[in-house]
Each structure stands twice: as structure tokens, then as C-alpha cells.
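# Kindly return the folded structure for what I paste below:
(chains A and B)
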Amino acid sequence: MPVSTSSSRAIYEALKGGGIRLMSALPETWLVHLIRMAEEDPDMTLVRLAKEEEGVGISAGAHLAGMKSAMLMQNHGFLASINGIVSCAQLYRIPLLMLISYRGEFGERDPWQTEGGGVTEDLLRALRIPFVYLDHPDHVASRIRKAQTLAQSANKPVALLLCRDLMWEEPS
Amino acid sequence: MKRLDALRAIYGQLDEVVVVTIMGAVAAELQSIGHRPNFFYLQHAMGLASSMGLGIALARPDRQVVVFDGDGSVLMNLGGLTTLARYRPANLVHVVFDNESLLSVGGFPTATSTGSDLAGIAAAAGIPRTGTVRTLDEFTAAFDAAMKARELSTLVAKVEAIGPSGYVTELALLENRFEFQKWLRRL
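Residues are numbered from 1 along each chain as shown, chains lettered A, B, ... in the order given. Sure thing, here's the model as predicted:
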């Protein structure tokens, strides 16, 4: 599977370095290595979800209890989480660190991913969720660190869009 | 059984435990008995109170967590029961007040009014301790047992579909949120 192991490792190490001790996740092709890394790490609590919106509640609870968490999801999982993001995380000023695999963008071969890809950024803007691309290994660590800093200082959700150029190694 | 009576009956056991409730009558009635800094009321995001309880229970395994849920909310997050069951935190007691209706938005009947059995669904999801109670005595006994069990429990309490006259309370949402966080992190 041409999902980048080295990029996944860089993301995982940056999250660990930022003190993340709980990750919620729903499997998605680009996230397989990240989920496996979390699963194999005795210092990480991995919560496998039935639906991504649950992760908003879990991260909110963990935050109030003083544990740093991150959410791993596909952009369609972000779409499925919107009410929770608005009426739990935004209403109650909860920082969320959302790592969203950005499917359906340029280069996408799966027809079923394309509609969600086309609305992801507009939805993030409509929700006034600050976001940045993770599209090159060189800036993974610094952008994750800065995203986490803003989420904590603003007490708000932020999003990192995991892009094809970072996550997928097959030449397109 | 009235939900308010059920809450009153166990209120004395909620001194030192982490409490997360859903919106509507549960939040308003618990506040009418007496707000405490260890109570958090999720006044929206239906379905996520149990997920918040799970997040707290996993982050703080040393603390007892109680979630007061409702039938309408659980029905919006049935998948969450499978996640609770998967991680089955021993420090979480999940109480579901089932009035078979969406009381705060006009009392429209939920699927539990036509036979859907939430304790049965919770058991089938894999939650180790489940049960349904219909009287105040049964409720207090089952709640006591769940609190002592040190095993994840979902307790469904069938209650009358009556509640307070209003749902907005004097406690501001963010005041509750930051006070609760402070309490939780001080421990």
C-alpha cells in the first residue's frame, strides 16, 4: 500500500512531541500507519470509533480532564462530525486538533471521494475553523506544533489537512 | 417513577464523582436540586454526553464518572454504545432516563415507545452490566450496585414523560464548562 510510512511517522512523532496521549480514529486508507503506530504505542490511548462525531465528545472530555488528544479522520468523517464540532466544541470553547485526510482533491481516482473533497475547505471556512495543509514532510512538525498552540490559546477547533503529496507515494 | 425523584434519591452519592448530563429536563432538574462544580451539563450536541464521559473516564481512570443520558440522545449515538463497550472503562456508570419521548421539543415519542429496548441494545453492544428499572426502589438499588461494581454499567430507568416548565437556567454554559474543568484538574 503506497501510503507513506515516513510521513506518517513524522506526523506521529510531532503529535507525541506535542504531548498528545489520546487519539480517536476511524480507519481510512491514508491513516493506516498512523493508527497502527498509535495502537502499538503503550503511551498512547487509541479510541477506535463507530462514527467520527463521537471523537468530538471524547476529545472534549479528555481536554476538560487535562489530557491532550487528537482526532484522526477522513474529510467525510469531518462532514459527519459537524454538529458535534459546532454544538459541543465551539459552543463550549473546546480545543480540538483535527487531522483530516483530504480525499477527493486533485489526483483522486476514487469517484466516491470527489464530492466530499470539493466541499471540505468551504465547510471549514464556513465554520471559521483555522486550517493549514500538511503537504510536505519538511513542515509537518512545525505546522502541527503551531496548530496545537492556536487550538489551546483560542480554545477552539483547528484542522490540519493531510494532503495527497504527503500521504501517498504512488506517482500520479 | 419521576426522573426528579430518581435524581433526588441518589444526589447524596454525587459529591465526589464526575457527573456529565444531557440537555433538557435532566440538566434543569439536577440544577434545581443543587448545582455542584463537579457537574457538567452538555446543553446541546445530542448523543455526545456518553462520549464525553468516556473521554473523561479514559483520561482519569482514578475518578468515578456518572453520565445521565436520555433515550432520545442515546438513539442519536447508538454506535457510541459499541465504543463504550469496546473500552469498557470500569469507572463509568451510564444512566439512561428513558421517558420514551423527546420531551423538551414537544414530547414526540421515540422508538423506545414502540418497543426498542436500550438495555438490550447496550447488552448486545457488549456493555458488561446492563438493566432496566421501573420503580424508585429498583433504581436506587441498581445505581448503588453499579457504583460499587467497578465495571462499566448502562442502567436504563423508565421515567414519566414530565419535566420542568422551562429549560434555561441561570448557570451560563461557559461558566459551567470552566468551573468543571477547574474542579476536574484540581483533583
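
# all strands of the chain, in order?
Reading this off chain A. Assigned by DSSP state E, the strands in chain A fall at A:22-25, A:45-48, A:69-74, A:96-101, A:131-134, A:157-162.

# Let me rephrase: I mean chain B.
B:18-21, B:39-41, B:65-70, B:92-98, B:101-102, B:108-109, B:129-133, B:153-158.

# and the angle from the third one to strand B:153-158?
Right, strand B:65-70. 30 degrees (axes from the mean of the first three to the mean of the last three CA atoms, to 10 degrees).

# quick revisit: could you dump the strands of chain B into CSV with mean pLDDT and mean neighbour count added?
For glycine as for every other residue, the C-beta is placed from the backbone atoms N, C-alpha and C. As requested, these are exported to CSV (pLDDT from 0 to 100; neighbours: other CB atoms under 10 Å in any protein chain shown):
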stretch, mean pLDDT, mean neighbour count
strand B:18-21, 98, 26
strand B:39-41, 98, 25
strand B:65-70, 98, 28
strand B:92-98, 98, 27
strand B:101-102, 93, 19
strand B:108-109, 94, 12
strand B:129-133, 98, 20
strand B:153-158, 98, 24
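
# CSV for those strands, including distance to chain A?
Compiled in CSV, those are given as follows (distance: least, CB to the nearest CB, whole Å):
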stretch, distance to chain A
strand B:18-21, 7
strand B:39-41, 7
strand B:65-70, 9
strand B:92-98, 10
strand B:101-102, 16
strand B:108-109, 19
strand B:129-133, 18
strand B:153-158, 16
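
# of these, which approaches B:Arg86 most closely?
strand B:92-98 (12.6 Å; CB to CB).

# angle of the closest one against strand B:65-70?
Using the same axes, to 10 degrees: strand B:92-98 against strand B:65-70 is 20 degrees.

# Could you list the paired strands of strand B:92-98 along with their orientation?
strand B:65-70 (parallel), strand B:153-158 (parallel) (DSSP bridges).

# Skipping its backbone neighbours, what lies nearest the residue at minimal distance from the centre of chain B in space?
The residue lying closest to the centre of chain B (CA atoms, centre = their mean) is B:Phe68, at 1.1 Å. Take B:Phe68 and drop its neighbours on the chain: the residue closest to it by CB to CB, 6 or more residues apart in numbering or on different chains is B:Thr21, 4.3 Å away.

# now the helices: where do they sit in the chain?
In the absence of a named chain, this looks at chain A. Using DSSP state H, the helices of chain A run over A:5-17, A:32-40, A:53-64, A:75-80, A:82-84, A:114-126, A:140-154, A:164-167.

# Oops, wrong one, chain B.
Under DSSP H, chain B gives helices at B:3-10, B:25-34, B:49-59, B:71-76, B:78-87, B:118-125, B:136-149, B:173-186.
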